[in-house]
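> Next input, structure requested:
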Amino acid sequence: MPTVSDSRALIVDDDEVVRLSLARIMRKAGYLVAFVSNAREAIAEISVASPDIVFTDIFMPGTDGFELMNWLRRRKCPIPLVAMSGANRTLTGQLGLASKLGAKATISKPFREQDVLEAIVAAVGDQKSPWPSRRWA
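Below you'll find the predicted structure:
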């Protein structure tokens with residue numbers, strides 16, 4: 001996978017271990033990384049600086065990943081999104097719903113580095129996001 005050193009990734013997960021693990025993989029792949037712990041914070045971050053890709057957990061306290069996906073969809077925001085879940089509650093169904101709501105790729109937690117790299121390629125292809133950086137408030 002080519003390095004995309006000027007691309008920005010936003011990680012949305014309430015689990016600090018997952019955020020740090022995913023950030024390590026994303027930085028290794030050449031991404032600049034920011035992370036937040038819920039969808040409300042993600043919406044605020046995206047409103048200021050649009051990332052090139054978003055990785056979001058589905059189940060988080062407060063505002064969850066489905067709400068983030070709906071917010072992006074209502075604004076017709078083309079930021080590629082990867083949905084993640086480690087919840088044992090009908091995991092396949094939840095990740096399937098995430099795909100219907102616009103997730104370009106889904107991964108189960110715990111994930112391997114290869115899972116993350118494959119999700120990046122599925123979401124943005126072999127190049128950085130083709131959309132110009134802009135605000136999506």
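> Which element, helix or strand, includes the closest residue to Ala34 other than its chain neighbours?
The spatial neighbour of Ala34 that comes closest, neighbours along the chain excluded (C-beta to C-beta, 6 or more residues apart in numbering), is Leu10 at 5.4 Å. (Glycine included, C-beta is placed from N, CA and C.) Element membership for Leu10 (DSSP states H and E) is strand 8-12.
> and the gap between Ile120 and Lys104?
Counting by C-beta to C-beta, to the nearest Å, the gap from Ile120 to Lys104 is 10 Å.
> for Pro110, same thing?
From Pro110 over to Lys104 the distance is 21 Å, taken as C-beta to C-beta.
> One more: Ile11?
Shown here: Ile11 relative to Lys104, a distance of 15 Å by C-beta to C-beta.
> Can you find the helix or strand of the chain with the lowest average pLDDT?
In the chain, the helix or strand scored least confidently by mean pLDDT, DSSP states H and E is helix 91-100, which has a mean of 68.
> one step back: give me the common contacts of Ile120 and Lys104.
Residues within reach of Ile120 and of Lys104 at once, by C-beta atoms under 8 Å, 6 or more residues apart in numbering, are Val82.
> any idea which element the most centrally placed residue in the chain lies in?
Against the mean C-alpha coordinate of the chain, by C-alpha atoms, centre = their mean, the closest residue is Phe55 at 1.5 Å. Counting by DSSP H and E, the secondary-structure element that holds Phe55 is strand 53-57.
> returning to what we had before: against which helices or strands is the strand holding Leu10 packed?
In this structure, strand 8-12 packs against helix 16-28, strand 32-36, helix 39-48, strand 53-57, with contacts taken as 3 or more C-beta pairs under 8 Å, 6 or more residues apart in numbering; DSSP states H and E.
> what's in contact with that strand?
Outside of strand 8-12, the residues that reach it under the criterion C-beta under 8 Å, 6+ apart are 19, 22-23, 26, 31-39, 41-42, 45-46, 49, 51-57, 60, 65, 68.
> Please pick the buried ones from those residues.
Taking 16 or more other C-beta atoms under 10 Å as the criterion, what is buried in those is 19, 22-23, 26, 31, 33-39, 41-42, 45-46, 51-57, 60, 65, 68.
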